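J.: the following block contains a protein sequence and its predicted model.
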Amino acid sequence: MKVVVTARAFREVDGPHKEFLESQGWEVVYLETRHPLTSEELAHHLDEKVMGLLLGTDRVDARALERAPNLKAISRFGVGLDNLDLEALRARGVRVTYTPGSSAASVAELTLGLILSLARWIPWHVTQVRQGGWSRRIGLELQGKVLGILGMGTIGREVALRARALGMRVVYHDPRPLPPEEEVRLGVQGVSWAELLASADFLSLHAPLTPETRGLLGRDALAQMKRGAFLVNSARGELVDEQALYEALVAGHLAGAATDVFSKEPPDASPLLSLENFILTPHIGAYTREAVIRTGVMAVENLIAALMDRPIPYGEA
């Protein structure tokens, strides 16, 4: 049995997750990739021996499936399924699994780090001092500010708990509102989409990428945000119209933005990269040792179950 691993973090971090996978007696092939693969690129590494994929955010559609006629299971190292042609996979009888909640704490902590970096201009100040300067830009206290959260899933809830500890008021919008008792426990308030945009001093995105959410933060939505607000995206780059965001930052309607994700990764020549009020990181939300090992072990357990025709212990699409 041959298993191909594309997930960079799984490959790069040594630990029990790799030992667990390699102890199964399968032929394990690690792809030395530096970016998510297109389906065409992935297809070059597949053949009739491949029965399992331990996948990052790489694309899989019918073209890749043609090269792997015996593929039986895909285990996502993470939660997003937007890069998978689920209809084609189901038609082929390929089981698709994912690891819900495995990186929630890590993504939430990065989100708060980005919010703090925006509020205090931390990267800008670091650059100033490194270049021999001693200039300062006035910052903001987070206490008393409104954090708006789009998507109150596992990660959104973790962000809310941390933001409340910093004295922020938290409002959220989600098509499936939390039960009242959960809102009380978290100290959050559900609001409409329009209210979220208008009230948030910091708007943090934690929604999945779907046809309904693709490009959700476009010109109209950004214009509805409070003047001087900040946008943080640690979910999916395609949620935001990047050109519209650039224009909102240049015009001063938004005071700043931070993103861990882009619609194309790496972002190449995005005009956002030239802005001082824009912070970017290379998709590191789940890239902590703890999250990688946790996610990796869960992904291997899912893969074993799928290949052995057993019930999936975590998530199955």
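T.: Nice, thanks for sending it over.
J.: isn't residue 37 right next to residue 6, touching?
T.: Yes - counting by Cβ atoms under 8 Å, residue 37 touches residue 6, with 6.2 Å between them. Glycine gets a C-beta too; all of them are placed from N, C-alpha and C.
J.: common neighbours of those two, please.
T.: Common neighbours of residue 37 and residue 6, using Cβ atoms under 8 Å, 6 or more residues apart in numbering, are 31, 58.
J.: dihedrals phi and psi, residue 224?
T.: Note on residue 224: its backbone torsions stand at phi -80, psi -10 [degrees, to the nearest 10].
J.: check whether the residue nearest to it when sequence neighbours are not counted sits in a helix, strand or coil.
T.: Closest residue to residue 224 apart from its sequence neighbours, by Cβ to Cβ, 6 or more residues apart in numbering: residue 197 at 4.2 Å. Per DSSP: H, G, I helix; E, B strand; the rest coil, the secondary structure class of residue 197 is helix.
J.: just the pLDDT for residue 197.
T.: Looking at residue 197, its pLDDT reads 98.
J.: could you do the one 4 residues further on as well?
T.: With respect to pLDDT, residue 201 has a value of 98.
J.: and it, how far is that from residue 35?
T.: Separation of residue 201 from residue 35 (Cβ to Cβ, to the nearest Å): 34 Å.
J.: the more surrounded of those two?
T.: Between residue 201 and residue 35, counted using other Cβ atoms under 10 Å, residue 201 has the larger neighbour count: 21 against 14.
J.: and that one, its phi and psi?
T.: Main-chain dihedrals, residue 201, degrees, to the nearest 10: phi -80, psi -30.
J.: helices of the stretch 101-250 of the chain, start to end?
T.: Ranges of helices within the stretch 101-250 of the chain are 104-120, 122-130, 154-165, 180-186, 193-199, 219-224, 242-251, based on DSSP state H, counting those that start in this stretch.
J.: list phi and psi for residue 66.
T.: Dihedral angles (degrees, to the nearest 10) for residue 66: phi -60, psi -30.
J.: got the contact list for the most centrally placed residue in the chain?
T.: Compute the mean C-alpha point of the chain, and by Cα atoms, centre = their mean the closest residue is residue 235, 3.6 Å away. Shown in contact with residue 235 (Cβ under 8 Å, 6+ apart): 151, 155, 205-209, 261.
J.: among the residues you listed, the buried ones, what's the ChimeraX command?
T.: Remark: buried members of the contacts of residue 235, expressed as a ChimeraX selection using 16 or more other Cβ atoms under 10 Å:
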select :151,155,205,206,207,209,261
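J.: just to revisit the earlier point, okay, the nearest residue to the residue nearest to the centre of the chain once chain neighbours are set aside: pLDDT?
T.: Excluding the flanking residues, the one nearest residue 235 by Cβ to Cβ, 6+ apart is residue 205, at 4.6 Å. For residue 205, the pLDDT comes out at 98.
J.: residue 205 pairs with what?
T.: Using DSSP bridges, the beta-bridge partners of residue 205 come out as residue 150, residue 233.
J.: quick one: which of the contacts of residue 235 is nearest residue 73?
T.: Using Cβ to Cβ, residue 208 comes nearest to residue 73 of the contacts of residue 235, at 21.7 Å.
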